[in-house]
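1. Sequence and predicted structure, then a few things I'm wondering about:
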2 protein chains.
Amino acid sequence: MLPPSSERAALVRRRELLAHALGRTPALVASSRPRPRNYAADQFPFRAASHFLYLFGLAAQDGLGFYDGQSWTLYLPEPGADDALWDGAVPGFAEVAERTGCPVRSRAELPAALGSVQATRTVATLPTPDAETCQDVEALLGRPVRYGKLQAVDEPLADALVALRLRHDDAAVSQLRKAAEVTTPSHLAGMRATRPGVLEAVVRAAMEAEFVARDVRPAYQPIVTVHGEVLHNLKYHHELREGDLLLADVGGESPGGFACDVTRTWPVTGRFSTTQRELYEVVLSAQKASIAKVRPGTRYRDVHLAAHQEMARGLVALGILRGDVEELVADGLTALMFPHGIGHLLGLDVHDMEDLGDRAGYAPGRTRSKEFGHRYLRLDRDLEPGMAVTIEPGFYRVPAILGDARLTAKAGDRLNRAVLERYSDVRGIRIEDDVLVTAEGNEVLTAAIPKEAADVEAVMARR
Amino acid sequence: MLPPSSERAALVRRRELLAHALGRTPALVASSRPRPRNYAADQFPFRAASHFLYLFGLAAQDGLGFYDGQSWTLYLPEPGADDALWDGAVPGFAEVAERTGCPVRSRAELPAALGSVQATRTVATLPTPDAETCQDVEALLGRPVRYGKLQAVDEPLADALVALRLRHDDAAVSQLRKAAEVTTPSHLAGMRATRPGVLEAVVRAAMEAEFVARDVRPAYQPIVTVHGEVLHNLKYHHELREGDLLLADVGGESPGGFACDVTRTWPVTGRFSTTQRELYEVVLSAQKASIAKVRPGTRYRDVHLAAHQEMARGLVALGILRGDVEELVADGLTALMFPHGIGHLLGLDVHDMEDLGDRAGYAPGRTRSKEFGHRYLRLDRDLEPGMAVTIEPGFYRVPAILGDARLTAKAGDRLNRAVLERYSDVRGIRIEDDVLVTAEGNEVLTAAIPKEAADVEAVMARR
């Protein structure tokens, strides 16, 4: 529950920077509470709200950080009489204050503290993921706080947090590295657990067990599927068959709550078929071309387009597409087989700060494209050192897209369906890494997870 | 997502029985939606609300079942344009209607259907575990629906559902058996993964992996701890040491959402020490004495007291307690080391229908004891065939209890602390099974999971 002592200075600094940005505007940041599964006492594992974790590093239930326009105070519930019997000892206020570098008071004192500030100023806040905490904060502030709906008065707080969280400090980068570290054994275990005749669920179990055994959790619901063409496929009931590719989009969470987000695609038999290998190399080449573009000053949309261009080149070489590369991309032909964005921000959330809509992902003045294949791009900022992004191109044969006359109208004979049909043992391939923008260029945080076809096969040969 | 065809008749019958109980009173039963973890799109695995699952067997998000005073209709959201790309195909309304035996309409039609009924009657409903769905239902019905707060108008619906769900039909019993079936390999894997030097988390990982690999989920957050004296200990970071006992309270959920709830306690070395074995046998003997009392007509509080009596006998035999068994129980001496209830109802919730407070667990006219050791008893009904209950006595050395002068005041020299101190290698032991009340007596649904000390040691010897 407590942040390590080594993070104290970073936590203090984050709160100082936020206070500086807010000036005299007061702000309340809530941690949230566990989400009930069936009933109040049967809960999902507790995950504190990311903004709260960013400022306090503390997985405290029902905690609230309050900036009164001058300084921060952390308000925590006092343990109930029977809590120790059922839940064990919790750190005392003094210990929490020591680790977070922030004074701690009883939550019961918060209404009075809020009251004296609210007499003259409106307190900014941000909705938490759970509606119960939103209702609590509503009651405390006496105004609506609805998840997904930012009020005008809250926008300065949202903007200040985005400005801070966009560029990771050293403590955050260290957490991102830890998240990557626990994800490597998960993917290796997945490759080793793969064999014809078992369920997708068996591979998922092997991958998740590597997180659980290290006392950390997946950062998001794992995708482990032979139907990679369904982009967020959360079903695990198919039996693996020879000739299938298995797509695994699985990432761990660091102890402090930072996410890793990695996809690998490997053959069930342990050996790519010729057709699988050809398309795998196209996607891998597109991924490398994108990563090569990641450096300070590059507009992220150009990283996205670089993947499309490289993919167009590869698909032309295979004969699946024909024509001019730039025109194929501009006319949306690559989007027919690569319909999602090249990636997104990564941090305390796997889509970092997506709770604030496109406020984090899109620079002021930029908005999402309306075009198919580009409207799912979640990020379009100029890259800066300290940003972390995913790079995750994919190739998918999606019947609903390829059979949609409106979407394929522009393709004409530039899409060679007869050639595409030869690649029928590929339904979905995605290759995804986490990339930190550095002053010099970039660093791939997830480089230890094999992605060259030969390296994947070598891991699987040792099963 | 769909219930198996074999359950259709049971689902139809449940809705008919509920309709019969409700008469002309209309009712709305909502399924709930996934709970956000960090932000709207990063969600915990979806679990439909239990009352909805009971009536429709369907893990449908944002579905609502409506009884208009004459018949049931299921209202489901229509898939969005891009849903198939991201989430895959979902069953059509016709297929859902076929499997559930209930007509299905678009959710968009629900307000009109509600409106015509609400003109003359108030629609009963029940809060769902997620506040978001409660807010939806509030908006639909135009009155407050708050989780944990039953309105007077909703009580007939709650009572009718309690009356139905208390006694499991054949389809429910079949689901309880499936939940037990997936829990057996989990406990065996836990015993086999146990060894000195690994984290509790490693054992937890092995146990959960058995669920995940079978494409089912834990029914509740697993407890896997060397500190069993913290009753709901959800920490997994301790290293297992020789001489520790490991307590594992871990149960799986059937595909239809029914829970299993099992606790076993085993020695890290694979061999109980003499002191551990002596106390283990006391708890086991208390558990068997309790189970022997489970039959139609027995008051559950007497099952609870039978465990206390048998435990008093055992602790007197060891010299930890001295005095008359009945008096030791009456004066709360056994409660000092067995402070929780003997068990609870089991069904679609691991504490079945706990969302309705004590309405399910306590027969009309009965209320919870205020006494320490008995106020946590979650069930006090006369047992009937078809009820499923847990039987889970425990022995714990809890410093906060044994060091509390008020709690131990009555003990005097009847608690021999010097003898108790000899058992310092026991912090917590609990042995829990799931028991179905049958016409003839009972059936232990979880009998396949070893609990005799020799059987546990035999499993661990084969590690």
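-> Arrived safely. Since this is a predicted model, take the numbers as computed values, not measurements. Numbers count the residues shown, from 1 in each chain, chains lettered A, B, ... in the order given.
2. Distance check, the most centrally placed residue in chain A against chain B.
-> Centroid-nearest residue in chain A: A:V350, 1.3 Å away (criterion: CA atoms, centre = their mean). Here A:V350 is placed at a distance of 6 Å from chain B (CB to the nearest CB, to the nearest Å). For glycine as for every other residue, the C-beta is placed from the backbone atoms N, C-alpha and C.
3. In the stretch 251-400 of chain A, what residue comes closest to chain B?
-> Going by CB to the nearest CB, chain B is nearest to A:D355 of the stretch 251-400 of chain A, at 3.9 Å.
4. right, and that residue touches B:A40 too?
-> Yes. Counting by CB atoms under 8 Å, B:A40 is a contact partner of A:D355 at 7.2 Å.
5. shared neighbours of the two, which are they?
-> By the contact definition CB atoms under 8 Å, 6 or more residues apart in numbering or on different chains, A:D355 and B:A40 are jointly contacted by A:129, A:148.
6. who's more crowded, these two?
-> Legend: neighbour count by other CB atoms under 10 Å in any protein chain shown for A:D355 and B:A40, higher for A:D355 (26 against 16).
7. Name the nearest residue to that one, ignoring sequence neighbours.
-> In space, A:D355 comes closest to B:Y39 once its chain neighbours are excluded; the distance is 3.9 Å by CB to CB, 6 or more residues apart in numbering or on different chains.
8. For the one you found, which three-state class applies?
-> Secondary structure state of B:Y39, per DSSP: H, G, I helix; E, B strand; the rest coil, is coil.
9. Please give me every residue in contact with it.
-> A:50, A:129, A:349, A:351, A:354-355.
10. Repeat that for A:P103.
-> The contact partners of A:P103, by CB under 8 Å, 6+ apart, come to A:71-74, A:97.
11. Among those residues, which are located in strands?
-> Within the contacts of A:P103, residues falling in strands by DSSP state E are A:72-74.
12. Kindly provide the whole-number mean pLDDT of the helix or strand where A:D302 lies.
-> Using DSSP states H and E, A:D302 sits within helix A:300-318. What helix A:300-318 shows for mean pLDDT is 98.
13. list the helices and strands it packs on?
-> helix A:274-293, helix A:325-330, strand A:388-391 (3 or more CB pairs under 8 Å, 6 or more residues apart in numbering or on different chains; DSSP states H and E).
14. To B:P79, which of these lies closest?
-> strand A:388-391 (27.1 Å; CB to CB).
15. Can you pull the residues of the stretch 201-350 of chain A lying near chain B?
-> A:201-202, A:204-206, A:208-215, A:220-221, A:227, A:230-237, A:339, A:348-350 (CB under 8 Å from any CB of the partner chain).
16. out of those residues, which are buried?
-> Among these, those classed as buried by 16 or more other CB atoms under 10 Å in any protein chain shown are A:201-202, A:204-206, A:208-215, A:220-221, A:227, A:230-233, A:235-236, A:339, A:348-350.
17. from these, which ones fall inside helices?
-> If you go by DSSP state H, these have A:201-202, A:204-206, A:208-213 in helices.
18. quick check, distance from the helix holding A:D302 to the centre of its chain.
-> Centroid separation for helix A:300-318 versus its chain: 23 Å, with CA atoms, centre = their mean, to the nearest Å.
19. repeat for stretch A:20-38
-> Worked out by CA atoms, centre = their mean, stretch A:20-38 lies 20 Å from the chain centre.
20. Next, the buried residues of it.
-> Buried residues in stretch A:20-38, counting neighbours by 16+ other CB under 10 Å, are found at A:21-22, A:25-38.
21. again, but for stretch A:283-299
-> For stretch A:283-299, burial by neighbour count (16+ other CB under 10 Å) applies to A:283-291, A:293-296, A:298.
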